[in-house]
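> Sequence and computational prediction follow.
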Amino acid sequence: MKIYIRATAAISPQKTFGAVPFLTEPVTCAGNRLQTIEPDYTQLIDAKLLRRMSRIIKTGVATASACLREADENNPGGIITGTAYGCLEDTGVFLTQVIERNEELSPPTAFIQSTHNTVGAQIALLLKCHNYNNTFVHRGFSFESALLDALLLLKDQEAENVLVGSVDELTDTSFSILERFGLYRQAPVSNLDLYAEPEKGTIAGEGSAFFLLSNQYSPGTYAQLDGITTFYKPGNSKEAEKQIRAFLSAQETDIKDIDLVITGRNGDLREDVLYESLQDSVFSNKPLVNYKHLCGEYPTAVSFALWMAATILKTGTVPPVTGYSRAEENDIKKILIYNHYGHKHHSLLLVSQSAEDKR
């Protein structure tokens, strides 16, 4: 059974939300942290409800609403979200209140909205959708797990379309904690120069991306999602290459059929060495592009890559800011996404132009 991406929307540190050019005006930031460009939420969410929503809930609900609006869908057969950190802002507020009140009679609102499934629940409440609703919190596999669950629903014909997406935020507190582990650059760097100046550490990011998946083709479909797989902590590049070839074989695809590879390079020389090794082996002679200099590094960043791949296939263009320099953009019909988070969580996604669009 074929699975199609009917619609998609993304809120990121770039101009990606709404009717905007496809990454033709990249946002430059000098530092070690990228923050999302937030839209006018009142165009999608009632102003009275906005007052009670934290930033991550606004971001997730707005992204999901925009995705559904594009597909003219009001009641998806399922809502599945992936998040690694959950609602960090509300979690911080609740914990601060507990300390300040000496663990006595803390207001429950921040606690209620700090749970990881808050975004998915809010989307369902606004839509009055009583269908399947699930949230995956699997660290660097959170979005991939949500995607796999959506594919199961569609292939088992338990739903005709499923809204699936991810959302993760970065707060001042979480950034300070993660920075102590040496994850981010010590010296400021422009995000567009991230790969030209490889060092230890990358730049932090955040964002949200949602997709409406369907087992039925419809006009305006972005792309076809052919397959997804994950693998944990490969011992070396040879093992990673073996996983890549096995995945492509399972999809009845040869590496020579891949027109574009989107990698999860993040500018950290310790983590990018794997991509560089694969570039000399299984990915040799293949055009490779990057995306984490646009959205930053976070556990569900691969959702931004999927949004980018789907938009490339629909528009027939590859933004030069990704590092693409070839001229044969219109020949791109099959894209492989390879990402890893922290050298532990590895995933592969295969996306292609739908067979119906090729006719």
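Yes, it's here. Predicted, not measured: the structure shown is a model, and the values here were computed from it. Numbering: from 1, shown residues only.
> so which helix or strand takes in the spatially most central residue of the chain?
Centroid-nearest residue in the chain: residue 303, 1.6 Å away (criterion: Cα atoms, centre = their mean). Using DSSP states H and E, residue 303 maps to helix 302-315.
> what is the rounded mean pLDDT of that helix?
Regarding helix 302-315, the rounded mean pLDDT is 97.
> tell me the angle the following helix or strand past that helix makes with helix 302-315.
Once the chain leaves helix 302-315, the next helix or strand it forms, by DSSP H and E, is strand 334-341. Put simply, strand 334-341 runs at 170 degrees to helix 302-315, going by axes from the mean of the first three to the mean of the last three Cα atoms, to 10 degrees.
> if we can go back for a sec, quick check, the residue nearest to the centre of the chain in contact with residue 166.
Yes. Judged on Cβ atoms under 8 Å, residue 303 makes contact with residue 166 at a distance of 4.2 Å. (C-beta placed from N, C-alpha, C; glycine too.)
> Pull up the overlap in contacts between these two.
Shared contacts of residue 303 and residue 166, defined by Cβ atoms under 8 Å, 6 or more residues apart in numbering, comprise 82, 143, 208, 209.
> Just those: which are in helices?
Among the shared contacts of residue 303 and residue 166, the members falling in helices are residue 143 (criterion: DSSP state H).
> now the shared contacts of residue 303 and residue 166 as a markdown table including distance to residue 23, pLDDT and neighbour count?
Below are the shared contacts of residue 303 and residue 166 laid out as a markdown table (distance: Cβ to Cβ, whole Å; pLDDT from 0 to 100; neighbours: other Cβ atoms under 10 Å):
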| residue | distance to residue 23 | pLDDT | neighbour count |
| --- | --- | --- | --- |
| 82 | 23 | 98 | 29 |
| 143 | 20 | 98 | 33 |
| 208 | 17 | 98 | 30 |
| 209 | 14 | 98 | 29 |
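> follow-up on the earlier one: contacting residues around the residue nearest to the centre of the chain?
Each residue near residue 303 by Cβ under 8 Å, 6+ apart is listed here: 10, 82, 143, 165, 166, 207, 208, 209.
> which of the residues in the helix holding residue 303 are buried?
302-314 (16 or more other Cβ atoms under 10 Å).
> most residues in a single helix of this structure, which one?
The chain, longest helix under DSSP H: helix 55-71.
> What segments of this protein are strands?
Along the chain, the segments classed as strands by DSSP state E run 4-11, 30-31, 78-82, 132-136, 161-168, 189-190, 207-214, 223-232, 260-263, 288-290, 334-341, 345-352.
> now, of those strands, which is deepest in the fold?
Among the strands of the chain, strand 161-168 has the highest mean neighbour count (mean count of other Cβ atoms under 10 Å), at a mean of 30.
> pLDDT averaged over it - what is it?
On average, strand 161-168 scores 98.
> In the chain, where is pLDDT below threshold?
Within the chain, the segments meeting pLDDT under 70 span 326-330, 357-359.
> Apply 90 and report the result again.
The model of the chain has pLDDT under 90 over residues 1, 43-44, 47-48, 51-52, 88-116, 197-198, 285, 324-331, 354-359.
> Tell me how it divides into domains.
4-214, 224-358 (automatic domain parsing).
> hmm, back to that, run the chain-centre distance for the helix holding residue 303.
Put simply, helix 302-315 sits 10 Å off its chain's centre (Cα atoms, centre = their mean, to the nearest Å).
> and the angle for it with strand 4-11?
Going by the same axes, to 10 degrees, helix 302-315 makes 120 degrees with strand 4-11.
> To what extent is residue 104 buried, counted in neighbours?
Using other Cβ atoms under 10 Å, residue 104 has 6 other residues around it.
> same check, this time on the one 3 residues further on
Here the number of neighbours of residue 107 (other Cβ under 10 Å) works out to 11.
> Let me know whether it touches residue 98 as I believe.
No. Checked against Cβ under 8 Å, the pair residue 107 and residue 98 is beyond contact range at 10.4 Å.
> in stretch 101-119, what's buried?
Under 16+ other Cβ under 10 Å, the buried positions of stretch 101-119 are 106, 110, 111, 113, 114, 116, 117, 118, 119.
> Stretch 44-59 too?
For stretch 44-59, a neighbour-count test (16+ other Cβ under 10 Å) marks 44, 45, 53, 54, 55, 56, 57, 58, 59 as buried.
> Would you mind pulling the contact partners of it?
Contact with stretch 44-59 is made by 11, 36, 38, 41-42, 61-62, 65-66, 69, 87-90, 109, 113, 118-119, 122, 126, 167-169, 207-208, as judged by Cβ under 8 Å, 6+ apart.
> try it again with 6 Å
If you take Cβ atoms under 6 Å, 6 or more residues apart in numbering as the criterion, stretch 44-59 is touched by 11, 41, 61-62, 65, 87, 89-90, 119, 122, 167, 169, 208.
> what's the answer for stretch 99-113, then?
87, 90, 93, 94, 97, 98.
> one more time with 10 Å
52-54, 56-57, 86-87, 89-98, 118-119, 121-122 (Cβ atoms under 10 Å, 6 or more residues apart in numbering).
> and the end-to-end length of that stretch?
Counting by Cα to Cα, to the nearest Å, you get 18 Å between the two ends of stretch 99-113.
> just how off-centre is that stretch within its chain?
That offset, for stretch 99-113, works out to 32 Å (Cα atoms, centre = their mean).
> Great, nothing more from me.
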